[in-house]
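Enquirer: Have a look at this prediction, sequence included:
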Amino acid sequence: MPIIDDYSTASAGTMASALAGREVSAVELCEAAIEAIERLDGPINAVVVRDFDRAREAAKAADAALARGERRPLLGVPMTVKEAFNVAGLPTTWGLPAARDWIAPTDATGVARLKAAGAVILGKTNVPPMLADWQSDNPIYGRTNHPLDLTRTPGGSSGGGAAAVAAGMVPLEFGSDIGGSIRVPSAFCGLYGHKPSYNLVPQRGHSPPGFDGADPPLNVVGPIARTASDLVLALGILAGPGENEEVGYSLALPAPRHERLADFRVLIVDSHPLAALDSEIQAALHDLAARIEREGASVARRSDRLPDLAAAQAVYWTLLMTTMSRGGPPQPGLASDTISAHAWMNALDAQLEVRRRWTHLFEVFDIVLAPVMGVVAFAHDRADFNSRIHLIDGVETPYAAQIAWPGMATLANLPATAMPVGKTRAGLPIGLQAIGPYLEDYTTLAFASLVERL
C-alpha cells in the first residue's frame, strides 16, 4: 500500500484520509510505526517510554470503529507524546530520578482529547530534567541525538518528540513550550511546530510528577508535525476550554486574516539587543522576506511599534525563572530564589503592558517573522549550564541568552508557528517563527502553510 511505502514522510492528515478510505488499516500503520521505532531509534533514543501492547489494542479498536463507519480526525493515526504529559498507566518523570517510579493515574487533558479523536499513542518521548534545556538528556533515559547528526542535539525540551517525527518514526507529536520547547526542536529538525496562544489548549496533566495545581504562566502545550496542515488538524482537536470552563465558554477562534501571501503585512525582526544571530539564519530570513515580497506581501524591516525587546526580556526572565523553579529540585541554569508577591504582581503588570504594545503592533501588521533561535542544531554540550557558550560567526556568546528569541512571543502570550525555510551550508535545517496576534492562531498557521507551498 502506498502510504506504508512512504510511511516515513506521510502526514497525519494523509494517514487519516487513507484510514477513512479503508486504503490502509490502523493495525498496519501501528505496526509500521513500531517497526520504524525499533529499527531507527537505537542511536537516536527518542521514544524512551514504549507502550506498544496498548497501542496495538487501540489500533484494533480503531479498525473496528472504522468498519462501523465511525470517522474521527485522527482515528487510527499513530503518534507519540512528550514524557512530561501524564498518560494513564505510564511513568511521568520529567527526567528526575526521584520520580522514576511515579505512574500517572489519569491522562492529561490534551492526551485525552487526542485519544478521543482516535490517535494511537505508541509511547512517550525524551526530555531534559525539569524541561529546562535545549538538549534532551537526563539521568533516567539518557541523551537524545539528532537524526541527521548524532553528535548534535535535536533541541529541547520537546527534543525526543521532534527527533521521532524527523526520523520518520511518527507523523505527529504533542509537546510543550515555555522557552521555545516546541519551536526550537522543530527548527533544529526541519519540522513545523506551533506554540498556541496562552491557555488555548488546557495544560492540566502537564506538570511535575504528582503535582496537580494551577496552570503556570507562560507555558503552553501544542503539536509538532511534518506539515503545517497537520498543525491545524491537531490544534482543532486540542484547543478548547478546560475543566469547569465548558459550562460557560465555547471556542470560536477567528479565521486567518488572509488566504494569500500577497495580502499579508509582515514585519521582519532580524536582530535582538540581547541575543546574537548566525549569519546563515539571518540570510535565510532575508531570503524568505524577499520571496514573499515578490509574491506581493507587504514587508517592513523595522517599526516603532515593536516593544522594547530588552525591557521585555527582563520581564520574561523574572516570570520564567520564578515559574520554572517551582515544583522540582534545583536545576542548572534556573534561579531558585523566590520573589515577593508584590514583585510577582509587578511583573504581571509589566507583562500586560508588553502585551498591549504587541496588540498595537498587530493593528498594522499581521505577522512578525523572526528567528526561532540564533543558532541551528549544535553539538552536545555537557558543560556546566552557566558556563556554556555558543560560537556565532566566530564570536563567543552566552548559551542562555538565546532564550530571548523564543521569549518574544512567550511573554506576550502570542501564537507562534515554527517552520523550516532552508538549510545551512553544512546541511542542517534552518527554521523561522511566524508570530501573530493573540488568539489568532489560524493566521500564523495559514502563513506557515502558504510559505510551505513556496
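Expert: Perfect, I can see it now. These figures come from a predicted structure and were not determined experimentally. Numbers count the residues shown, from 1 in each chain.
Enquirer: Give the buried residues for stretch 422-430.
Expert: Neighbour counts over stretch 422-430 (16 or more other CB atoms under 10 Å) mark 422, 428-430 as buried. C-beta: built from backbone N, CA, C; applies to glycine.
Enquirer: Of the residues you listed, which is the nearest to residue 277?
Expert: Distance to residue 277, by CB to CB, is smallest for residue 430 among these, at 11.4 Å.
Enquirer: Would you mind giving the secondary structure of the closest one?
Expert: With DSSP: H, G, I helix; E, B strand; the rest coil as the basis, the three-state label of residue 430 is strand.
Enquirer: what are the ranges of the helices in the stretch 301-450 of the chain?
Expert: With DSSP state H, counting those that start in this stretch as the definition, the stretch 301-450 of the chain shows helices at residue ranges 309-324, 341-361, 404-411, 441-453.
Enquirer: Just the buried positions in the last one, please.
Expert: Buried residues in helix 441-453, defined by neighbour count with 16+ other CB under 10 Å: 441-451.
Enquirer: Which pair in the buried residues of stretch 422-430 has the greatest spatial separation?
Expert: 422 and 428 (10.0 Å).
Enquirer: need the helices of the stretch 301-450 of the chain in a markdown table with mean pLDDT and distance to residue 212, can you?
Expert: Output for the helices of the stretch 301-450 of the chain, formatted as a markdown table (pLDDT from 0 to 100; distance: least, CB to CB, whole Å):
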| stretch | mean pLDDT | distance to residue 212 |
| --- | --- | --- |
| helix 309-324 | 96 | 16 |
| helix 341-361 | 98 | 21 |
| helix 404-411 | 98 | 23 |
| helix 441-453 | 98 | 26 |
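Enquirer: which one of these lies closest to residue 223?
Expert: Comparison of the helices of the stretch 301-450 of the chain against residue 223 by CB to CB identifies helix 441-453 as nearest, at 10.3 Å.
Enquirer: quick check: angle from that closest one to helix 404-411?
Expert: 150 degrees (axes from the mean of the first three to the mean of the last three CA atoms, to 10 degrees).
Enquirer: per-residue confidence for residue 330?
Expert: Per-residue confidence (pLDDT) for residue 330: 70.
Enquirer: Excluding chain neighbours, give the residue nearest to residue 79 in space.
Expert: residue 172 (4.1 Å; CB to CB, 6 or more residues apart in numbering).
Enquirer: picking up where we left off before, want to try CSV for the helices of the stretch 301-450 of the chain, with distance to residue 126 as columns?
Expert: Formatted as CSV, the helices of the stretch 301-450 of the chain follow (distance: least, CB to CB, whole Å):
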stretch, distance to residue 126
helix 309-324, 19
helix 341-361, 31
helix 404-411, 20
helix 441-453, 26
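Enquirer: Let me know which of those is tucked in deepest.
Expert: Among those, the stretch with the highest mean neighbour count (mean count of other CB atoms under 10 Å) is helix 404-411, at a mean of 26.
Enquirer: before we move on, back to that, and the residue nearest to residue 79, what are its phi and psi?
Expert: Main-chain torsions, residue 172, degrees, to the nearest 10: phi -150, psi 140.
Enquirer: That one - how many residues pack around it?
Expert: By other CB atoms under 10 Å, 28 other residues sit near residue 172.
Enquirer: List the beta-bridge partners for it.
Expert: Judged by DSSP bridges, the bridge partners of residue 172 are residue 225.
Enquirer: again, but for residue 299
Expert: Beta-bridge partners of residue 299, as defined by DSSP bridges: residue 266.
Enquirer: thought it was touching residue 286?
Expert: No. If you go by CB atoms under 8 Å, residue 299 and residue 286 don't touch, sitting 10.1 Å apart.
Enquirer: Tell me the one of the buried residues of stretch 422-430 nearest residue 362?
Expert: residue 430 (25.4 Å).
Enquirer: residue ranges with poor pLDDT in the chain?
Expert: 1-5, 327-328, 331-337 (pLDDT under 70).
Enquirer: So which residue of it lies furthest out from the middle?
Expert: Relative to the centre of the chain, and counting by CA atoms, centre = their mean, the farthest-placed residue is residue 68 at 34.6 Å.
Enquirer: What's the separation between it and residue 115?
Expert: From residue 68 over to residue 115 the distance is 18 Å, taken as CB to CB, to the nearest Å.
Enquirer: now residue 281
Expert: Counting by CB to CB, the gap from residue 281 to residue 115 is 37 Å.
Enquirer: ok, back up a step: now do the shared contacts for residue 299 and residue 286.
Expert: residue 268 (CB atoms under 8 Å, 6 or more residues apart in numbering).
Enquirer: Same drill for those two, tell me which one is more crowded.
Expert: For residue 299 and residue 286, the more surrounded residue by other CB under 10 Å is residue 299, and the numbers stand at 19 against 13.
Enquirer: Was I right to think residue 144 contacts residue 44?
Expert: Yes. In this structure, residue 144 is within contact of residue 44 by CB under 8 Å, at 6.5 Å.
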